[in-house]
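In: kindly generate the corresponding structure for this input.
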Amino acid sequence: MTNFLTVASDELRVQISPRGARLCGVYLRHSANLVLDANEAKHPSWLTCYPGVLVGPVANRVRHGRFMIDGCEYQMPQNESGATCLHSGPHGLQTQHWQVIKQKNDRLILSCLLADGVCGLPGHRDITADYAVAGATLTLTITATTTKPTPMNIAHHPYWRLGDAGLHCLHVNADHYLPVNKSNIPTGEVRSVDGTRFDFRTPRQVPHNIDHNLCLSNNRHATPYPAATLTGADGLQMKIETTEPGLQVYGGAHLPVLLEANVGPNAGIALEPQGWPNAMNEINFPSVLLRPASMYRQITRYCFENIK
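Out: Numbers count the residues shown, from 1 in each chain. Prediction:
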C-alpha cells in the first residue's frame, strides 16, 4: 500500500509519496483520480513505468549514456537495451526516498541529495520539489544546486486520465518537434510540425504510439507560459503552464495491463515538461548544464476547470 501525504485546497486534493516525490492522486472536487495509480505492493512492475515520479536528474534518453563537460567525458548507466541511458538509470530521482522539509495543509516541500558520482554525474546535488495547491491549480516548483558543473533536466511523469483516455483532446503550443532514431534518441534535427501527426496547434486526439518531444521554445523561461491543454470528453480540462522549452508527449502505449487498477496500454497520457532530450550531445539544443554559481528552477502549473 502506498504511503502518501496530502495537500488540499477547497477545490483540489493532491496525494504525494516521498518515494520518487511521486504524485499518486489528484482529485478535483468529487472527481475520480485524474492520474493513473496502482498498488505498488501488488504490482511491483508499476513503478518501472515511472508513474507520477520526478525523473532525472537527466530525464529522457542520453545517446550511449555518454557526454562531455569542459573536456571531460562522463558515462551514465546504459539501462535501456544496453544502448541508451533512460531517466538517469537505476539510481535516478525516481528511485530515491525524498525527505519532507515542510508540510502545510496546502503545501509540501521534499528534498533529495545526490552525492558526487551518483547516476554517473558530477557534483553533490541538492534538489527540492515544492508541491502547492491554490483553488483548482497545482504548482510544482523544482530547484537544484550543484558543487560541480553537471547536466540538470528533471521531468515530472504523471499519466493523466480525464475520463476516457481514448477521447482525450490535446492542444500544444509547439511549432516544431524532434525526430528520433530507432533508439528514440533525437537525431539533432528540429523539424516543423506542419503536415505531421505531431501538430497539436489545433486540438485533436492523441496518436497511441507517440513518444516525442515537442519544442515549446528555444530556451527556458523565468516564469511559466502556456504550453498545453488536455480536455476530456466530459469537459474536464487541464491547462499546463511551464518554464521548460520542451514537452515530451507519451501516449502510454507500453503501460502494463493491471485490471484491478484500470490500467493498460494507452489508459493515460504523460505530458512531461522538460529540456530537450540528449541536449548534452547537441550544441544547437537549449543547454541543460547547471554550474555551481547558478540555481536550476523549473515551475509547472496544472490548472483544472470544467468547461461544460
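In: can you tell me the element the nearest residue to Thr150 once chain neighbours are set aside falls in?
Out: Excluding the flanking residues, the one nearest Thr150 by Cβ to Cβ, 6 or more residues apart in numbering is Gly123, at 4.1 Å. From N, CA and C alone the C-beta is placed, and that goes for glycine too. When elements are assigned from DSSP states H and E, Gly123 belongs to no helix and no strand.
In: what is the end-to-end distance of stretch 233-248?
Out: Start and end residues of stretch 233-248 are separated by 22 Å (Cα to Cα, to the nearest Å).
In: apologies, that question was intended for stretch 58-67.
Out: 12 Å.
In: okay, buried residues for it please.
Out: Across stretch 58-67, burial judged by 16 or more other Cβ atoms under 10 Å covers 58-65, 67.
In: output the contacting helices and strands for the helix or strand containing Cys112.
Out: Taking DSSP H and E as the definition, Cys112 sits inside strand 107-114. Strand 107-114 sits against strand 5-8, strand 99-104, strand 125-134, with contacts defined as 3 or more Cβ pairs under 8 Å, 6 or more residues apart in numbering; DSSP states H and E.
In: give me the sheet partners of the last one and which way each runs.
Out: Same thing as strand 125-134. Note on strand 125-134: by DSSP bridges, its sheet partners are strand 107-114 (antiparallel), strand 137-146 (antiparallel).
In: got JSON lines for those, with mean pLDDT and distance to Arg29 too?
Out: Listed next are these as JSON lines, based on pLDDT from 0 to 100; distance: least, Cβ to Cβ, whole Å:
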{"stretch": "strand 107-114", "mean pLDDT": "98", "distance to Arg29": "20"}
{"stretch": "strand 137-146", "mean pLDDT": "98", "distance to Arg29": "14"}
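In: could you dump those to CSV with distance to Asp211 and mean neighbour count?
Out: Formatted as CSV, the strands paired with strand 125-134 follow (distance: least, Cβ to Cβ, whole Å; neighbours: other Cβ atoms under 10 Å):
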stretch, distance to Asp211, mean neighbour count
strand 107-114, 26, 19
strand 137-146, 22, 21
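In: tilt between the strand holding Cys112 and strand 99-104?
Out: Calculated by axes from the mean of the first three to the mean of the last three Cα atoms, to 10 degrees, strand 107-114 forms an angle of 170 degrees with strand 99-104.
In: return the member of the buried residues of stretch 58-67 nearest to Asp106.
Out: Ala59 (27.0 Å; Cβ to Cβ).
In: re the thing from before, gap between the strand holding Cys112 and the chain center?
Out: Relative to its parent chain, strand 107-114 has a centroid offset of 16 Å by Cα atoms, centre = their mean, to the nearest Å.
In: just the closest of the buried residues of stretch 58-67 to Thr145, please.
Out: Scanning those for proximity to Thr145, where the rule is Cβ to Cβ, the winner is Val58, at 15.9 Å.
In: wait, the closest one sits on Val118?
Out: No: in this structure, Val58 is not within contact of Val118 by Cβ atoms under 8 Å, at 11.6 Å.
In: wait, what's in contact with Gln75?
Out: By Cβ atoms under 8 Å, 6 or more residues apart in numbering, Gln75 lies in contact with 65-66, 120.
In: how much space separates Ile142 from Pro273?
Out: Separation of Ile142 from Pro273 (Cβ to Cβ, to the nearest Å): 10 Å.
In: what about Glu244, neighbour count?
Out: Glu244 has 28 neighbouring residues, counting by other Cβ atoms under 10 Å.
In: so what's Thr187 closest to, chain neighbours aside?
Out: Pro179 (5.1 Å).
In: can you show me the strands along the stretch 201-308 of the chain?
Out: For the stretch 201-308 of the chain, the strands defined by DSSP state E, counting those that start in this stretch occupy 211-215, 225-231, 236-242, 246-250, 269-274, 289-290, 296-306.
In: helices and strands around the shortest one, which ones?
Out: Just to be clear, that refers to strand 289-290. Under the contact criterion of 3+ Cβ pairs under 8 Å, 6+ apart, strand 289-290 touches strand 137-146, strand 150-151.
In: one more: the fourth one?
Out: Using 3+ Cβ pairs under 8 Å, 6+ apart as the contact test, the elements touching strand 246-250 are strand 169-172, strand 211-215, strand 269-274.
In: coming back round to it: any chance of the strands paired with strand 125-134 in CSV, plus distance to Ser31?
Out: CSV is the format used below for the strands paired with strand 125-134 (distance: least, Cβ to Cβ, whole Å):
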stretch, distance to Ser31
strand 107-114, 20
strand 137-146, 13
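In: got the phi/psi numbers for the most far-flung residue of the chain relative to its centre?
Out: What lies farthest from the middle of the chain is Gly71; by Cα atoms, centre = their mean that is 29.6 Å. Per-residue torsions, Gly71: phi 90, psi 0 (degrees, to the nearest 10).
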